[in-house]
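Trainee: just coords:
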């Protein structure tokens, strides 16, 4: 069982190599809590076609389920590749404060096909009902 930053990082890299051998991309991640790996995952896009099936995201979901909590603030993420904005956002949602990665996004872009992400226009259409949905939620929470 690894007990150092380099060993945990190597565990993520080893997962990534195995994933490449199985037809996937070179992304693996482990989640560590109190010097113990509590979750590990690889990028599974090639298996399920789900573009959100990133290694870090899947490992975080697995860790949350294992701990029965959305609070992963005492966990650390180790990833073979630099986490993307989606995975960083997921880490923030779960309270994860630190992550280590082996290979940079720049290194990935040197060998991977270029992706052109379309800009997303997000427009607030303020309903004239003074946010009753949110007020309804707040009232329901008071009953729980």
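Mentor: Arrived safely, thanks for sending. All of these numbers come straight from a predicted model, not from anything done at the bench.

Trainee: now for whichever strand or helix holds residue 79, which elements pack on it?
Mentor: For residue 79, the element it lies in under DSSP states H and E is strand 75-81. When contacts are defined as 3 or more C-beta pairs under 8 Å, 6 or more residues apart in numbering; DSSP states H and E, strand 75-81 packs onto helix 5-21, strand 28-33, helix 55-67, strand 98-103. Where you see a C-beta, it was placed from the backbone N, CA and C, and this is true even at glycine.

Trainee: For the second one, name the packing helices and strands.
Mentor: What that stands for is strand 28-33. On a contact count with 3+ C-beta pairs under 8 Å, 6+ apart, strand 28-33 meets helix 5-21, strand 36-42, helix 55-67, strand 75-81.

Trainee: Partner strands of that strand, with direction?
Mentor: Using DSSP bridges, the strands paired with strand 28-33 are strand 36-42 (antiparallel), strand 75-81 (antiparallel).

Trainee: give me every residue that touches the residue lying closest to residue 101 once chain neighbours are set aside.
Mentor: Distances taken as C-beta to C-beta, 6 or more residues apart in numbering place residue 79 nearest to residue 101, at 4.5 Å, with adjacent residues excluded. Listed by C-beta atoms under 8 Å, 6 or more residues apart in numbering, the contact set of residue 79 reads 12, 27-29, 55-56, 87, 99-102.
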